[in-house]
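K.L.:
would you be able to build a 3D model of this:
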Amino acid sequence: MNRIKPVVFFALALCVLVPASLFASSHREAPITALDRTADITDWYAFVSFDHPDRVTMILNVDPFLEPSNGPNYFLFDPHVLYEMKIDNNQDGVEDVTFQFRFTTEIRQPNLFTGFVGGIAGIPPITSLDGPGSVGLSERQTYTVTMVKNGVATDLTDGRTLFAVPSNVGPRTMPDYKALFNQGIYHLGDSIRVFAGTVDDPFFIDLGAAFDSLNFRMGVGGVLPPAEDADDKQK
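P.N.:
Residues are numbered from 1 along each chain as shown. The predicted structure is shown next:
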């Protein structure tokens, strides 16, 4: 089952402890946490960047089980939630470096029935996160990035406006989503890059059957046959 979710992506040249193995969650949490879905951290990844072996990529996934068809208003980070990535460099169980993300939401065209519109009713397609090509972005978010180290907070945004990339509504509204996506990758200096937005999460499982005492159904993402399960060659 393929899902969309807001993701904070952070690539930086820091010395961090990368776990030997990473495990994905089921994307549903304890009952109280599930009541606050925008604060629900579903996955946290840290790994050596494949294109820069001297850097580390960290990814924080929040807000589980979002569907691409969830219009007219799509998926936002919660401006009332402080999203944090805490890094322990010396294995003492205490964070040495913390990255904080705070979001702000603006509704630019309150008379629109949907968060995003373009290529219709005289409104041009959305081709930019800001400026003339962003007219159809009624629901828009900006964010700041703060690094806390040795008790000192440093604003990495440094006065810049960082835009979260909106959901991919479709080709009429956003004819070149890849270009729009790339506009949301920001270089903050000191080899730091950051991205925030909604992305496709590679989470595939017959989850209903998993919670039915592992009653997997073949043909709906069930358990692989032994021969196929034993084949570790990349397809």
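K.L.:
any idea how far the nearest residue to residue 129 once chain neighbours are set aside is from residue 170?
P.N.:
What sits nearest to residue 129 in space, not counting adjacent residues and going by CB to CB, 6 or more residues apart in numbering, is residue 163, at 4.1 Å. Heads up, the C-betas are built off the backbone N, CA and C, glycines and all. For residue 163, the distance to residue 170 equals 20 Å [CB to CB, to the nearest Å].
K.L.:
tell me which of these two has more neighbours.
P.N.:
Ranked by neighbour count (other CB atoms under 10 Å), residue 163 and residue 170 place residue 163 first, with 20 against 14.
K.L.:
what is the burial count for residue 33?
P.N.:
For residue 33, the tally of surrounding residues (other CB under 10 Å) stands at 13.
K.L.:
any weak-confidence spans in the chain?
P.N.:
Counting by pLDDT under 70, the chain has low-confidence residues at 1-30, 201-204, 218-225, 228-229, 232-235.
K.L.:
what about the strands in it?
P.N.:
For the chain, applying DSSP state E gives strands covering 3-12, 41-48, 56-62, 83-87, 97-107, 139-149, 152-155, 162-163, 186-189, 192-201.
K.L.:
isn't residue 140 up against residue 106?
P.N.:
Yes. Because the distance of 5.4 Å satisfies CB atoms under 8 Å, residue 140 is recorded as touching residue 106.
K.L.:
of these two, who's got more company?
P.N.:
Between residue 140 and residue 106, residue 140 has the larger neighbour count (other CB under 10 Å), namely 20 against 10.
K.L.:
which residues does that one contact?
P.N.:
Counting by CB atoms under 8 Å, 6 or more residues apart in numbering, residue 140 touches 105-106, 108, 129, 134, 163-164, 166.
K.L.:
one more: residue 96?
P.N.:
Contacts for residue 96 (CB under 8 Å, 6+ apart) come out as 87-90, 149.
K.L.:
for residue 45, same thing?
P.N.:
By CB under 8 Å, 6+ apart, the contact list for residue 45 reads 22, 57-59, 61.
K.L.:
can you redo those as TSV with neighbour count?
P.N.:
TSV is the format used below for the contacts of residue 45 (neighbours: other CB atoms under 10 Å):
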residue	neighbour count
22	11
57	18
58	20
59	17
61	23
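K.L.:
farthest-separated two in the residues you listed?
P.N.:
57 and 61 (13.1 Å; CB to CB).
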